[in-house]
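Visitor: how does the following fold in three dimensions:
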Amino acid sequence: MNLSDAAFGPDPGRWPLPAAATPEELWLRAVAAGGQGHYGVALADLAALVRSRPAGRLLSLAHSTRASFWRQLGWHSRARGWDGLAAALAGADPEAGADALIGLAADALGVGRFAAAARALARAGELVGDSGRLPVRLAWVSAELAMASGKGAAAVPHAERAVAAASAFASVRHRIKSQVVLAAALCSAGDLTAARHTADAALDATEAHGMIPLRWALACLLADIGSTARSPAEITAVRDQSADTVRSRGGVWAVAVDDDKPS
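Guide: Have a look, this model is predicted:
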């Protein structure tokens with residue numbers, strides 16, 4: 001099995017993952033493991049990658065990936081340091097530079113620094129091309145910034161752009177997360193019926209492909225707005241089981257996520 005298929009292709013739920021033979025494969029393996037919530041494995045692979053002393057581009061991508069894991073677990077301030085280091089190491093590489101800047105934007109909006117997030121996104125937009133994963137990520141965080149700024153209606157076009165960009169990209173994980181972002185944007189815009197249907201379909205996809213962190217995020221959303229396919233008790237069980245699975249796989253949440261509304 002090609003590790004690219006697990007990280008950015010049609011097989012994001014494959015487990016166990018094969019061993020990595022090169023620094024590039026270590027990065028791909030870490031990306032794939034993190035997408036399943038295997039944070040302990042992913043962080044170990046990133047540590048091995050750093051020890052191999054790769055070129056600046058790959059080292060930058062490794063730090064951006066580590067930052068994304070912290071952010072997924074709620075540690076936005078901690079993620080900022082790794083994204084900042086990634087930006088410093090990116091040099092003239094547009095992929096690494098855009099990855100770091102998009103991460104810095106997400107870190108900033110996570111702590112309420114919306115103007116800083118917008119500036120980072122504008123700089124990233126100058127580096128992002130028309131294809132691949134980066135236009136998808138740029139659209140995700142643009143939608144998230146609009147939502148965090150109280151501009152739900154403005155978030156929907158960004159989320160729809162992510163869905164369109166992801167449809168042209170081979171990554172099942174990016175396609176599913178784009179639906180997650182769209183569901184949240186629709187909710188923010190007040191279209192709860194469309195949000196529920198989008199979130200329910202995406203929840204089924206996360207189950208089929210083993211995307212535990214995204215499954216948790218969707219269950220958190222559906223716990224607030226209601227599901228058309230599952231009872232409140234079922235959604236709560238999915239949310240709590242997903243949180244427990246992340247813990248068992250080495251993830252450390254920034255706050256408790258069991259009883260109260262997760263952050």
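Visitor: low-confidence stretches in the protein?
Guide: 1, 256-263 (pLDDT under 70).
Visitor: domain parsing for it?
Guide: 1-54, 57-127 (automatic domain parsing).
Visitor: which of those domains sits most buried?
Guide: domain 57-127 (a mean of 21; mean count of other CB atoms under 10 Å). Bear in mind the C-beta positions are built from the backbone N, C-alpha and C, glycine included.
Visitor: what's the offset of that one from the middle of its chain?
Guide: 12 Å (CA atoms, centre = their mean, to the nearest Å).
Visitor: span of it from start to end?
Guide: For domain 57-127, the separation between the terminal residues is 14 Å (CA to CA, to the nearest Å).
Visitor: and for Ala168, the neighbour number?
Guide: Residue neighbour count, defined by other CB atoms under 10 Å, stands at 12 for Ala168.
Visitor: for Val246, see how far away it is.
Guide: Separation of Ala168 from Val246 (CB to CB, to the nearest Å): 30 Å.
Visitor: what about the helices in the stretch 1-150 of the chain?
Guide: 3-8, 23-35, 39-51, 56-72, 76-90, 94-110, 114-125, 134-148 (DSSP state H, counting those that start in this stretch).
Visitor: need those helices in a markdown table (columns: distance to Ala195).
Guide: Shown next, in a markdown table, are these (distance: least, CB to CB, whole Å):
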| stretch | distance to Ala195 |
| --- | --- |
| helix 3-8 | 27 |
| helix 23-35 | 23 |
| helix 39-51 | 28 |
| helix 56-72 | 21 |
| helix 76-90 | 24 |
| helix 94-110 | 20 |
| helix 114-125 | 23 |
| helix 134-148 | 12 |
